[in-house]
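**Q** Provided below for reference: sequence and predicted model.
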Amino acid sequence: MFTSILFISFALILLFFGAEGLVRGSSSLALRAGLSPLLVGLTIVAFGTSSPELVVSINAALAQQGDISIGNVVGSNSFNIGIILGLTALLCPIPVHRQIIKIDAPIALGVAFLLLLFLNDKSLTRTEGLILFSGIVVYTIMNILLARREANKAKVTQKSSDELLTGVSKHWVIDIGFILGGLGILVAGSRLLVDNSIILAKAFGVSEAVIGLTIVAAGTSMPELATSIVAALRKQPDIAIGNVVGSNVFNILGILGVSSLISPIQAPGISMIDYTMMIVFSALLIPLIYTGRLLHRLEGMLLLILYCGYLYLLWPK
């Protein structure tokens, strides 16, 4: 059991550095192409920091561990809002872009409801996976079109791009190296995390669903946590909140879409409480960011308290 804990800790470190490499490389390439910080936050960074969830959920689906595959996404979405945005706002209040309030946050809530509808029978079929995957394609294209329209009003300056790319090589070959290296580390880390989480769950008599909703979900969300906190402290609010909202959309549409396309998923252990909490967090975010277009410290504290209450209900007594 102690060995499994060590392997899980090592796997989380691998996931963090793997995602860091992937985000650095992909963000550098995207920003050099003239994309806006908001678009980078909602797509490139969000998808990149969600790559641990993607690899873990695919591996879990292939191993017929549906509770971990679904629990990883459902738990990550609640963790992203409750802990990541809560803690980030507590450290530094986050200004919110109008597009996130009017478009992206409502979309995140809508896809959460769509997932609940699809999982009414505790399973995701390939057809449902195709619908979800089509959704992430449409979402990405929509954000690119919106960013182009925004670029006509105010172009991204080279200064802002340089601030975001601090410490990253300006040569595209090195960026590709970061991307490929990050992916390789992510694959190795995810395999370690899933295998040893199962061993630990059996040792403690905890269900795979609870492990997926807590340990795996929190572990694979570490890149989002680090990215949002650093972005907020560096006065890049579009990256900070766009990373979380974009990740939540990608987790459902992209990750579960791809995973269920590869292998249909059965998740009997994920309860209605877990789905409900994911929707509550998604719904609560909209009025919180609407007030003054700013996520305040007090609102961040509210999100943290709500998530801690959810953990108390979730963890076996």
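**A** Nice, thanks for sending it over. Numbers count the residues shown, from 1 in each chain.
**Q** Residue ranges in the stretch 201-317 of the chain under the pLDDT threshold?
**A** Along the stretch 201-317 of the chain, the model assigns pLDDT under 70 to residues 316-317.
**Q** Do you have the strands of it handy? List them.
**A** 265-266, 294-295 (DSSP state E, counting those that start in this stretch).
**Q** For residue 226, find the nearest of those strands.
**A** strand 294-295 (18.1 Å; CB to CB). For every residue, glycine as well, the C-beta is placed using N, CA and C.
**Q** Out of the strands of the stretch 201-317 of the chain, which is closest to residue 38?
**A** strand 294-295 (15.4 Å).
**Q** for that closest one, packing partners?
**A** On a contact count with 3 or more CB pairs under 8 Å, 6 or more residues apart in numbering; DSSP states H and E, strand 294-295 meets strand 94-95.
**Q** So for the strand it packs on, mean pLDDT?
**A** For strand 94-95, mean pLDDT rounds to 84.
**Q** Run the chain-centre distance for it.
**A** The chain centre lies 19 Å from the centre of strand 94-95; the measure is CA atoms, centre = their mean, to the nearest Å.
**Q** Residue numbering should commence at 57 henceforth.
**A** From this message on, residue numbering opens at 57, which makes the last subject strand 150-151.
**Q** residues making contact with that strand?
**A** Contacts to strand 150-151, defined as CB atoms under 8 Å, 6 or more residues apart in numbering, come from residues 141, 144, 288, 293, 296-297, 349-351.
**Q** Quick check on these: which are buried?
**A** Among these, those scoring as buried are 141, 144, 288, 293, 296-297, 351 (criterion: 16 or more other CB atoms under 10 Å).
**Q** possible to save those residues as CSV with distance to residue 317?
**A** Shown next, in CSV, are those (distance: CB to CB, whole Å):
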residue, distance to residue 317
141, 30
144, 33
288, 35
293, 34
296, 31
297, 29
351, 34
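**Q** Pull the most distant pair out of these.
**A** Between all members of the buried ones among the contacts of strand 150-151, the farthest pair (by CB to CB) comes out as 141 and 293, at 11.3 Å.
**Q** wouldn't residue 350 be in contact with residue 156 here?
**A** No - the pair residue 350 / residue 156 is not scored as a contact, 11.8 Å apart, by CB atoms under 8 Å.
**Q** What is the neighbour count of residue 267?
**A** Neighbours of residue 267 under the rule other CB atoms under 10 Å: 25.
**Q** who's in contact with it?
**A** Counted by CB under 8 Å, 6+ apart, residue 267 has contacts 124, 127, 253-254, 256-257.
**Q** Check residue 270 too.
**A** 131, 367, 370-371.
**Q** thinking again about what came up before, as a markdown table, the strands of the stretch 257-373 of the chain with distance to residue 274 would be great.
**A** As requested, these are exported to a markdown table (distance: least, CB to CB, whole Å):
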| stretch | distance to residue 274 |
| --- | --- |
| strand 321-322 | 21 |
| strand 350-351 | 21 |
